[in-house]
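Peer 1: From the sequence below, what's the structure:
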Amino acid sequence: TVTVTAAARESLLNICMDAKHHKTQPGPEGQLYGQCSLWKENACCTANTSLEAHQDQSYLYNFNWDHCGVMPEKCKRHFIQDTCLYECSPNLGPWIDQSDTSWRKERILHVPLCREDCEQWWEDCQDALTCKVNWHKGWNW
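Peer 2: Below you'll find the predicted structure:
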């Protein structure tokens, strides 16, 4: 029984979700950029995706971090880290959820965040502005 449990756990911790920019299987990507380089040994993202994750206006989601004034760098780094985790991590299996949209079949939901990280994110972004209630829909660029 222990072997089956270990195999099941391994299958959830070495997969890429079925989404727009993800590779089909995780693997080495030695040239990952910036904050995404943490996943270079085993990544679901390509080097190009990791570079785009750091751009203010990125083709990844047709989204601009500075959509409501300039987002401070100390705040932006949290959103970039979140993007790198989403695009690059092969260990999100336990939080993959089915999604029926034109650009992805799967998404992640309810991924835990360490309290210290949450508090630092708030501290670094509390003075930043957004002009949107829900970042997931309704954009009219």
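Peer 1: mind checking the SS state of residue 37?
Peer 2: Using DSSP: H, G, I helix; E, B strand; the rest coil, the structure places residue 37 in helix.
Peer 1: pLDDT-wise, which helix or strand of the protein ranks last?
Peer 2: Lowest by mean pLDDT, DSSP states H and E among the helices and strands of the chain is helix 2-12, with a mean of 59.
Peer 1: quick one: the strands in the chain?
Peer 2: 57-58, 63-64, 96-98, 106-108 (DSSP state E).
Peer 1: Sheet partners, orientation included, of the third one?
Peer 2: Read that as strand 96-98. Strand 96-98 sits in its sheet next to strand 106-108 (antiparallel), going by DSSP bridges.
Peer 1: got the contact list for the residue nearest in space to the middle of the chain?
Peer 2: In the chain, the residue lying closest to the centroid (CA atoms, centre = their mean) is residue 86, at 2.2 Å. Contact analysis of residue 86 by CB atoms under 8 Å, 6 or more residues apart in numbering lists 92, 108. The C-beta positions use only the backbone N, C-alpha and C, and glycine is treated the same way.
Peer 1: Wait, residue 47 touches residue 37, no?
Peer 2: No. Using CB atoms under 8 Å, residue 47 is not in contact with residue 37, being 9.9 Å away.
Peer 1: Could you check how far residue 86 is from residue 129?
Peer 2: Using CB to CB, to the nearest Å, residue 86 is found at 23 Å from residue 129.
Peer 1: What about the residue lying closest to residue 94 once chain neighbours are set aside, how many residues nearby?
Peer 2: In space, and not counting its chain neighbours, residue 94 is closest to residue 12: 5.3 Å by CB to CB, 6 or more residues apart in numbering. Neighbourhood size, residue 12 [other CB atoms under 10 Å]: 14.
Peer 1: contacting residues around the residue nearest to residue 21 when sequence neighbours are not counted?
Peer 2: Among residues not flanking residue 21 along the chain, residue 49 sits closest, at 4.8 Å (CB to CB, 6+ apart). Neighbour list for residue 49: 21, 36, 60, 87-88 [criterion: CB under 8 Å, 6+ apart].
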